[in-house]
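Engineer: take a look and give me a structure for this.
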Amino acid sequence: MPPGDLVEEERQEEEVSCQDQLGNGGLKAKKLSWEKLRRYDSLDIESRSVRGHSGHSSKNSTEWSVILHLAFQSIGIVYGDIGTSPLYVYSSTFADGIKHNDDILGVLSLILYTITLIPLIKYVFIVLRANDNGDGGTFALYSLICRYAKVGLTPSEQAEDRQVSNFQLELPSKSLKRASKLKAKLENSYFAKYFLLFATMLGTSMVIGDGVLTPCISVLSAVGGIKEATTKMTDDMIVWISVVILICLFMVQRFGTDKVGYSFAPIICVWFALIGGIGVHNFIKYDPTVIKAINPKYIIDYFRRNKKDAWISLGGIVLAITGTEALFADVGHFTVRSIQISMCSVTYPALILAYTGQASFLRKNNDHVSDTFYSSIPDPLYWPMFVVAVSAAIIASQAMISGSFSIIQQSLALGCFPRVKIVHTSSKYEGQVFVPEVNYLLMIACIAVTLGFRDTTRIGNAYGIAVVFVMTLTSSFLVLIMVMIWKTHMLLVTSYIIVIGSVELLYLSSVLYKFNQGGYLPLAFAGLLMAVMFIWNDVYRRKYYYELDHKISPEKVKEITSQSNFSRLPGLAMFYSELVQGIPPIFKHYFENVPALHSVLVFVSIKSLPISKVPPEERFLFRRIEPKELNVFRCVARYGYTDVRNEHEPFEKMLVEKLKDYIQDEYWLFHVETQSNNGEIGIENGESRDGLIVEDNGNGDYLERQAEEVEEKRHETLNREIEEIDRAWRAGVVHLIGENEVVAGKGGGFGKRILIDYCYNFLKKNLRQSDKVFDIPHKRMLKVGMTYEL
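Structural biologist: As a prediction, this is how the structure comes out:
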């Protein structure tokens, strides 16, 4: 039965107390429930799983002391980008100068309402609620939708996945009919499934594009301020100084978000204090009447006066909210509450004061618009402010770099990105990761853009498109989540679309106008990244379907192992495969060349669930492959997309312990079934239900004595099986890795051959192999190769 068609049954909790009748102290009284002992069919028809208790605690229960520490750290990581926007917003908006003094009020009003609507209301108070067990970003939204509706394209879902404690969705009961309709439409439409995956890849690519453009524009803007102090500084010198700073920034990433955040947070705090303080100073000194920009009437007047030019200038105003998507993407490094605290208490007030102060300065100094930020600084504070501005610009880059690492980790786990190394940089805080390969690629891209564009105006045009595209995609996903998962009242959903959606579409139309002035750059980045993601994901799915179509049945295993030349080796073998629903075809290929099996063989499938974390006690699902004497099992090791694999938890030892638990649970399941059948022991025609033979001596007390004999034999069988597992474990563990070469089938077209034979295989050869990703020791590893014709 395909896993997508499995129907979850209503399970009644019926507790059964089983008393020990063996008298040897080996098994104590044990409480069981039918929910834990229910037989399932998702691993295969004969499969069964026993679910353990969850002791997992989420980030929601984080202590306040930790939340405040993380709030302080988040200032250094999350807000560098949006915090340094005052460096270039007014100069980018008034690229052709200020034509009317009241235009300043119109632009200030636009900035105030944009910052309030998008970063504060939309992201901090709405989007952050759509985190996936503490993790954010486009893939987190996609995984939420995948968990609620079956829109994933790889058929690896199992009924047991919904038992994982983090998988559960708390669903309000209102608007159920509307949510069910939308869910049914998504599940029954291949176009919708592909479109959701496409949109997710596009959003992810755009955020990573932000990670390239943010360092360029922030560092160039800050370093360019030195021209105010000396005319000897040329544009070429500024560019090369910026390149050196960027190289240093990427070199420190390996130390991790924790250390980088604590180092940067004090600098950003000083930055926010200075821009807020200077804003208050300029507001009082130059023109306090700019406070009337709170009235949105000045926005209407601004558009009436400037018409098309006002619409084009929105591409500069949108730079005031750059880095907002990093706020959501980086939530996995922190917590929702910590980001809400730092935004409301520090970032938002400082930005409002900074932009208001600059507007007040410009009302009296229209001709200084091209260098508003540095011109508005009081002379005694110029050099201290320059040093802090350069430092803050460097830190601004950190927000998007950290966000890029988190997103790559999520897309990798969901089969949408080639294998790269994920380094968890903090044992104290979850979700803080570093991706070496991506770090170097981002550094090279940043240097290329800085040397190629050399100008913040053109980079700003490119930057705006990336920012608004991602925001619009996030809103689209959020509307689906509101209707389908949160079941929000339709009036509120409509209000969100009208207010937030219309604002974002207006900004999107403006930034797209500058496509030929540098706006093509993020789309080129996104196109390249999406091509890599699509190639990897497409061939990944093709491989999975090939293995599913050619999987080996239990009967075939029995036939293979009954051959005369078959022999057993001491030890425990773990055979790795991506296939969840059967035995991979590579096993037959292996056995044809090496007709021997280890005394215990476990087929291990590493499976990623569309959730952020799977508690260790719920990690493994087992089933036995008949006949019992073979000691062959199948295991699915389930991970969330932010889980660490084999770094902090001893994978081998944990798997063996859980395998022994499974064998014991299997015994208890049978024991409960026989005890619950009207008190009968389960002996029919001289044979117990598990195949143990008993003799009928004709005595009246036959049933009682034979029941004890059956129980003793079962217990001996159980102990013998556990001992065999321990003996195999002590003899040594061997890891068998299936390394599949894929080629296009003989009847495949030209496009298919290019996709598989050249593009996919090029990516595979230049990226990490499975053993490096799973940290498998080389001395105990054997690779088994096979060619798949797709």
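
Engineer: quick one: low-confidence ranges for the stretch 451-600 of the chain?
Structural biologist: 564 (pLDDT under 70).

Engineer: how about the strands in it?
Structural biologist: For the stretch 451-600 of the chain, the strands defined by DSSP state E, counting those that start in this stretch cover 567-577, 596-608.

Engineer: give me the residue at the spatial middle of the protein.
Structural biologist: Q410 (2.7 Å; C-alpha atoms, centre = their mean).

Engineer: which one of the strands of the stretch 451-600 of the chain is the most hemmed in?
Structural biologist: Among the strands of the stretch 451-600 of the chain, ranked by average contacts under mean count of other C-beta atoms under 10 Å, first place goes to strand 596-608 (a mean of 21). C-betas here are computed from N, CA, C, even on glycine.

Engineer: and the nearest residue to S577 once chain neighbours are set aside, backbone torsions?
Structural biologist: Leaving aside its sequence neighbours, S577 sits nearest to P584 (C-beta to C-beta, 6 or more residues apart in numbering; 4.0 Å). P584 adopts backbone torsions of phi -70, psi 150, taken as degrees, to the nearest 10.

Engineer: burial count for P584?
Structural biologist: 25 (other C-beta atoms under 10 Å).

Engineer: any idea of the mean pLDDT for stretch 669-685?
Structural biologist: Stretch 669-685 carries an average pLDDT of 54.

Engineer: relative to N366, which of the strands of the stretch 451-600 of the chain is closest?
Structural biologist: Across those, N366 has its closest neighbour in strand 596-608 (56.4 Å, C-beta to C-beta).

Engineer: so how far is the closest one from its chain's centroid?
Structural biologist: Taking the mean of its C-alpha atoms, strand 596-608 sits 27 Å from the chain's own mean (C-alpha atoms, centre = their mean, to the nearest Å).

Engineer: I'd say the residue nearest to the centre of the chain and G137 touch.
Structural biologist: Yes - the pair Q410 / G137 is scored as a contact, 6.1 Å apart, by C-beta atoms under 8 Å.

Engineer: for the longest helix anywhere in the chain, the distance to its chain's centre please.
Structural biologist: In the chain, with assignment by DSSP state H, the single longest helix is helix 190-224. Averaging C-alpha positions (C-alpha atoms, centre = their mean) puts helix 190-224 15 Å from its chain's average.

Engineer: enumerate the positions of that helix that are buried.
Structural biologist: 193, 196-197, 199-224 (16 or more other C-beta atoms under 10 Å).

Engineer: please apply the same query to stretch 448-455.
Structural biologist: 449-450, 453-455.

Engineer: residues making contact with that stretch?
Structural biologist: 212-213, 216, 219-220, 235, 239, 242-243, 246, 459, 462, 518, 521 (C-beta atoms under 8 Å, 6 or more residues apart in numbering).

Engineer: mind running it again at 10 Å?
Structural biologist: 212-213, 215-217, 219-220, 224, 235-236, 238-240, 242-243, 245-246, 458-462, 518, 521, 525 (C-beta atoms under 10 Å, 6 or more residues apart in numbering).

Engineer: where does the stretch 51-200 of the chain have low pLDDT?
Structural biologist: 51-62, 151-178.

Engineer: do a quick rundown of the helices in it.
Structural biologist: 64-77, 80-83, 89-93, 103-115, 125, 138-148, 176-188, 190-224 (DSSP state H, counting those that start in this stretch).

Engineer: cool, the stretch 301-450 of the chain as well?
Structural biologist: 308-317, 324-329, 336-342, 348-364, 372-375, 382-413, 436-453.

Engineer: so which of the ones you listed gets nearest V784?
Structural biologist: helix 382-413 (23.7 Å).

Engineer: by how many degrees do that closest one and helix 190-224 diverge?
Structural biologist: For helix 382-413 against helix 190-224, the angle by axes from the mean of the first three to the mean of the last three C-alpha atoms, to 10 degrees is 160 degrees.

Engineer: quick one: buried residues of helix 382-413?
Structural biologist: For helix 382-413, by 16+ other C-beta under 10 Å, it's 385-386, 388-413.

Engineer: same check, this time on stretch 555-566
Structural biologist: Here stretch 555-566 shows 557, 560-561 as buried, counting by 16+ other C-beta under 10 Å.

Engineer: can you give me the end-to-end span of it?
Structural biologist: 16 Å (C-alpha to C-alpha, to the nearest Å).

Engineer: number of residues surrounding S475?
Structural biologist: 20.

Engineer: ok, it - contacts?
Structural biologist: 118, 122, 126-127, 496-497, 500-501, 503-505.

Engineer: report the buried members of the residues you listed.
Structural biologist: Buried, going by 16+ other C-beta under 10 Å: 118, 122, 127, 496-497, 500-501, 503-504, out of these.

Engineer: which strand or helix spans the nearest residue to P384 once chain neighbours are set aside?
Structural biologist: Nearest residue to P384, sequence neighbours excluded (C-beta to C-beta, 6+ apart): L274, at 7.8 Å. Using DSSP states H and E, L274 maps to helix 257-285.

Engineer: ends of stretch 221-239, how far apart?
Structural biologist: 10 Å.

Engineer: can you list the buried residues in that stretch?
Structural biologist: 221-227, 233, 238-239.

Engineer: quick one: contacts of it?
Structural biologist: Contact with stretch 221-239 is made by 84-88, 91-92, 219-220, 240-242, 244-245, 371, 373-375, 377, 382-383, 385-394, 396, 450-451, 453-456, 459-460, as judged by C-beta under 10 Å, 6+ apart.

Engineer: how about a cut-off of 7 Å?
Structural biologist: Contact with stretch 221-239 is made by 87-88, 220, 241-242, 371, 374, 382, 386, 389-390, 393, 450-451, 454, 456, as judged by C-beta atoms under 7 Å, 6 or more residues apart in numbering.

Engineer: pick out the most distant pair among those.
Structural biologist: Most distant of the contacts of stretch 221-239, by C-beta to C-beta, are Y382 and L451, 28.3 Å apart.

Engineer: low-scoring stretches of the stretch 201-350 of the chain, by residue?
Structural biologist: For the stretch 201-350 of the chain, the ranges with pLDDT under 70 are 228-231, 256-262.

Engineer: one more pass at 90, please.
Structural biologist: 201-269, 307-309, 312-313, 315-316, 318-319, 322-340 (pLDDT under 90).

Engineer: so what's F303 up against?
Structural biologist: If you count contacts by C-beta under 7 Å, 6+ apart, then F303 has A310 around it.

Engineer: do that again at 10 Å, thanks
Structural biologist: Residues in contact with F303 (C-beta under 10 Å, 6+ apart) are 106, 110, 309-311, 313-314.

Engineer: so how far is Y545 from A140?
Structural biologist: As for A140, its distance to Y545 is 27 Å (criterion: C-beta to C-beta, to the nearest Å).

Engineer: looking at the two, which is more packed in?
Structural biologist: For A140 versus Y545, neighbours defined as other C-beta under 10 Å are more numerous around A140 (28 against 12).

Engineer: specify the beta-bridge partners of the residue lying closest to that one once chain neighbours are set aside.
Structural biologist: Sequence neighbours aside, D132 is the residue nearest to A140 in space, at 3.9 Å (criterion: C-beta to C-beta, 6+ apart). Using DSSP bridges, the beta-bridge partners of D132 come out as D135.

Engineer: any idea how many residues pack against D132?
Structural biologist: 25.

Engineer: which of the contacts of S475 lies closest to E187?
Structural biologist: Looking across these and measuring by C-beta to C-beta, the closest to E187 is I497, at 23.1 Å.

Engineer: may I have stretch 513-524 exported as PDB, CA atoms only?
Structural biologist: The C-alpha coordinates for stretch 513-524 follow below in PDB (Å, rounded to 0.1, in the frame of the first residue of the first chain):
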ATOM      1  CA  TYR A 513      11.200  49.100 -13.400                       C
ATOM      2  CA  LYS A 514      15.000  49.200 -12.600                       C
ATOM      3  CA  PHE A 515      15.600  45.800 -14.000                       C
ATOM      4  CA  ASN A 516      18.100  46.900 -16.700                       C
ATOM      5  CA  GLN A 517      19.900  49.200 -14.200                       C
ATOM      6  CA  GLY A 518      21.300  46.300 -12.100                       C
ATOM      7  CA  GLY A 519      18.000  44.700 -11.100                       C
ATOM      8  CA  TYR A 520      18.800  41.700 -13.300                       C
ATOM      9  CA  LEU A 521      21.600  40.600 -10.800                       C
ATOM     10  CA  PRO A 522      19.500  38.900  -8.100                       C
ATOM     11  CA  LEU A 523      17.300  37.200 -10.700                       C
ATOM     12  CA  ALA A 524      20.500  35.900 -12.400                       C
END
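
Engineer: perfect, that will be all.
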